[in-house]
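**Student:** Sequence first, predicted coordinates after that:
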Amino acid sequence: MYREVFEAARKSLEDGDYATAQARRDSVTELIVENCSVRVEGSSEAADCSIIVTSYRHSDQFVELLQGLKAYQRQPYELIFVNNGNETLDETLTRHLQRFKVVSPGFNYGCPGGRNVGVAHAQGEYVLFLDDDGVIALDAIERLLEAIASYQAVVVRGRVMPRTTDSHRPDHYDMGRSVCPCPPDAEGFSIWRRDVFRRFGGFDPLLRAHEGTLLAAKSYRFFGPQAYLYTPHAVMRHDFSPSTKHAVQKLRNQAKIHGYLDYCEPSWREVVRSIRSAAQTPEFLSAWGADERSQSLPTKGAKQLPISVITTARNAERFVAEYSQSLKQQTHSGFEVVFVDDGSDDGTEQAIKALWSDDARLRYVRSDPIGRAAALNLALSMARNDVCAIADVDDLSAPARLEWTATYFTRYPQASCIGFLIFTDDRPIRGFLRSPCSIRVRSLLGMPAPFPAFAFRRSAFSLPFDEDRSAGVDCDWLFRNLQASDIDGRLIPIPAVYYRLHDAQITTIRREEQRSVALNCLYSLHGRILNRDVTPFKDVIQKLSKWKPITSDEDLSRAFEYCGALHGHLKSHSYCDSDAAAEYLRSAWTDLTVRHLSGVNPPVHGVLALASVAGLRPMVRRFSSQRALRKFERDPGAFFRDMILRRLPGWHLGQRARR
């Protein structure tokens, strides 16, 4: 019976009737798992990692895989085999292994469904999937386990190499020699956190491909692009298909299910692009490197540091469920939530109280509609702890966000604040920052830190939010406090908060007012540093802060000259460290250059003039190469991204190189 219903569900999917397909699938999913037969060979012990192999038929490759799994019959591993129709499976396993578990659905449930069945009977914190016709390298399993634990990832997939030289080699098999963000598109050689796998429903058993991609799209906003990784250090030998003809047909079949993926998770394409672009974005890779990730390593005392999470909301019923999930999944448990309901007239109050009814960490505060600034002031007055972290109700915090925050303030008790970056469905990181940066330095060209990912010591920020403002409240508050005292902190370029874009947010409905506040804050700060009226420079300030686009080489030249003047005055000004400011201004100008040249195709002589103005003489020398010139003509944006971001030598603002 189960088999017939499941096959009918697959037929509905092929016919494009996705709602019926899912209804039929859901009607038998739990029954299939509950009615599996289970055979345990050898003693059953607790395991940290459950290795799951689905088997459809006997093969020499399967026997070779079993030989490699002999070393994993004891703790911390357990071996689980899902019988998807292999009539000789029990006999083969008995011949080669002493300790294993066999789970049989009674029919061929497919790879995704079979893996779900294996997970349902697994004990480990991690579940590791292996194709039954692949051959793993000697230490491949250890490498996968090491990667997911050390990077605190949700899933890590390994490097897949063809077994035979004439086999089709898909683009996603071998992703290179470095650990990097990657969609989990090699499901048969991947390791997952079991709790996350089950929380988001596991693989969709109706799929014959892209089941890992769909699961990543469902969970992405809770964890961020750094949670989905590829490691080249774990290697499996596996042929994509037995022939070229079969490979072409397999790829065509995979493409047919894109409509179903759109139905299940409309954002899946953007999420895949975001994760993939993270692997190609120098800003992300630099931020995600070992030095910055060390900020997240455990520090003595960090677990005991109490944090007050500050949230204000009005009519946020549709957001509170996911908001609550993101806070309850935090790896740092020593926090309270001060939730100020700013006069909601929907079901916000009932929803938030129901979700936290068994958790005393939330303190619900009801007020009349008083506005964002007054609600923030009220929340801060109610906070019990000195360290406070902003968590907007429509955004989601990555699981380690509060742990990173506690670690930072414990390591650097003199710091007044810390900020992280934010990410969206289509962008793995917002901003050009490539290494940790002073908050004061960051304020030279705009918002010092993304407020949804900001944390601070309440005792250091003495000035309240301006309750007369209806937009730009956070920007105004940060600039006023920075100029009123010598407080400082760091912006760590790791994406820690999912920033939800929607029509009801202040950023959307009061965009122009926010722009005015931000620019006035910059005009005031630059006027103090330059000790003069900055009216003649307002246009260039707007372009440096990206409120107006760079449209010409002349704009870039003016921006460069202004950065030089600003840096020159900072040398004799106490606002921030001038050397750190020089590095930041250089990075900002470089980012503007890349953005401009990626969108226009200027004449060669204009670019040469630009290179001279910027003091980038290596750029001029590269034009002597015909090959380099052809590369520039094909794609100037890519040419300068490679040139500037990767090969730019150090240069000092305010000192124009000799032509």
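**Tutor:** Yep, that arrived.
**Student:** and the closest residue in space to residue 110 that isn't next to it in sequence, how many neighbours does it have?
**Tutor:** Once flanking residues are discounted, residue 110 sits nearest to residue 205: 5.8 Å by C-beta to C-beta, 6 or more residues apart in numbering. Backbone N, C-alpha and C define where each C-beta goes, glycine included. Neighbour count for residue 205, taken as other C-beta atoms under 10 Å: 23.
**Student:** got the contact list for residue 205?
**Tutor:** 6, 25, 29, 109, 110, 112, 113, 116 (C-beta atoms under 8 Å, 6 or more residues apart in numbering).
**Student:** could I get those as a markdown table with neighbour count, distance to residue 531 and secondary structure?
**Tutor:** Formatted as a markdown table, the contacts of residue 205 follow (neighbours: other C-beta atoms under 10 Å; distance: C-beta to C-beta, whole Å; DSSP: H, G, I helix; E, B strand; the rest coil):
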| residue | neighbour count | distance to residue 531 | secondary structure |
| --- | --- | --- | --- |
| 6 | 24 | 75 | helix |
| 25 | 21 | 69 | helix |
| 29 | 20 | 70 | helix |
| 109 | 26 | 74 | coil |
| 110 | 22 | 71 | helix |
| 112 | 24 | 66 | helix |
| 113 | 27 | 70 | helix |
| 116 | 26 | 67 | helix |
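**Student:** where does the stretch 451-600 of the chain have low pLDDT?
**Tutor:** Residues of the stretch 451-600 of the chain that meet the criterion pLDDT under 70 lie in 597-600.
**Student:** at 90 what do you get?
**Tutor:** Residue ranges of the stretch 451-600 of the chain with pLDDT under 90: 470, 493-495, 501-511, 549-561, 563-564, 571-572, 582-583, 585-600.
**Student:** on that earlier part again, could you export the contacts of residue 205 as CSV, including pLDDT?
**Tutor:** Shown next, in CSV, are the contacts of residue 205 (pLDDT from 0 to 100):
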residue, pLDDT
6, 95
25, 95
29, 93
109, 95
110, 94
112, 96
113, 96
116, 97
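**Student:** mind putting these in JSON lines, distance to residue 89 included?
**Tutor:** Below are those laid out as JSON lines (distance: C-beta to C-beta, whole Å):
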{"residue": "6", "distance to residue 89": "20"}
{"residue": "25", "distance to residue 89": "25"}
{"residue": "29", "distance to residue 89": "23"}
{"residue": "109", "distance to residue 89": "14"}
{"residue": "110", "distance to residue 89": "16"}
{"residue": "112", "distance to residue 89": "19"}
{"residue": "113", "distance to residue 89": "17"}
{"residue": "116", "distance to residue 89": "18"}
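**Student:** before we move on, back to that, specify the local secondary structure of the residue nearest to residue 110.
**Tutor:** Under DSSP: H, G, I helix; E, B strand; the rest coil, residue 205 falls in the coil class.
**Student:** With residue 82 as the reference, measure out to it.
**Tutor:** Note on residue 205: its distance to residue 82, by C-beta to C-beta, to the nearest Å, is 12 Å.
**Student:** who touches both of the two?
**Tutor:** By C-beta under 8 Å, 6+ apart, the residues touching both residue 205 and residue 82 are residue 109.
**Student:** What segments of the stretch 301-450 of the chain are strands?
**Tutor:** 307-313, 335-342, 362-367, 387-390, 396-397, 417-423, 437-438 (DSSP state E, counting those that start in this stretch).
**Student:** ugh, wrong one, the stretch 101-250 of the chain
**Tutor:** Using DSSP E, counting those that start in this stretch, strands in the stretch 101-250 of the chain cover 126-130, 135-136, 155-161, 180-181, 189-193, 228-237.
**Student:** for the record, mean pLDDT for the fifth one?
**Tutor:** Put plainly, it is strand 189-193. Averaging pLDDT along strand 189-193 yields 97.
**Student:** Extract the residue ranges of the stretch 201-350 of the chain that are flagged as low pLDDT.
**Tutor:** 208-209, 226, 237-257, 273-304.
**Student:** and residue 591, which of the strands of the stretch 101-250 of the chain is closest to it?
**Tutor:** strand 180-181 (20.5 Å; C-beta to C-beta).
**Student:** so what strands line up beside that closest one?
**Tutor:** The strands that strand 180-181 pairs with in its sheet are strand 228-237 (antiparallel) (by DSSP bridges).
**Student:** can you give me the offset of the strand it pairs with from its chain's centre?
**Tutor:** Once both centres are worked out by C-alpha atoms, centre = their mean, to the nearest Å, strand 228-237 turns out to sit 19 Å from its chain's centre.
**Student:** between that strand and strand 126-130, how big is the angle?
**Tutor:** Taking axes from the mean of the first three to the mean of the last three C-alpha atoms, to 10 degrees, one finds strand 228-237 and strand 126-130 inclined to each other by 40 degrees.
**Student:** Now strand 228-237: buried residues?
**Tutor:** Buried residues in strand 228-237, counted by 16 or more other C-beta atoms under 10 Å: 228, 229, 230, 231, 233, 234, 235, 236, 237.
**Student:** Residue 331 and residue 128, how far apart?
**Tutor:** For residue 331 relative to residue 128 (C-beta to C-beta), the value is 22 Å.
**Student:** the more surrounded of those two?
**Tutor:** residue 128 (26 against 16).
**Student:** which non-adjacent residue is nearest the more buried one?
**Tutor:** That would be residue 191: by C-beta to C-beta, 6+ apart, it lies 4.3 Å from residue 128.
**Student:** can you tell me how far that neighbour sits from residue 126?
**Tutor:** 5 Å.
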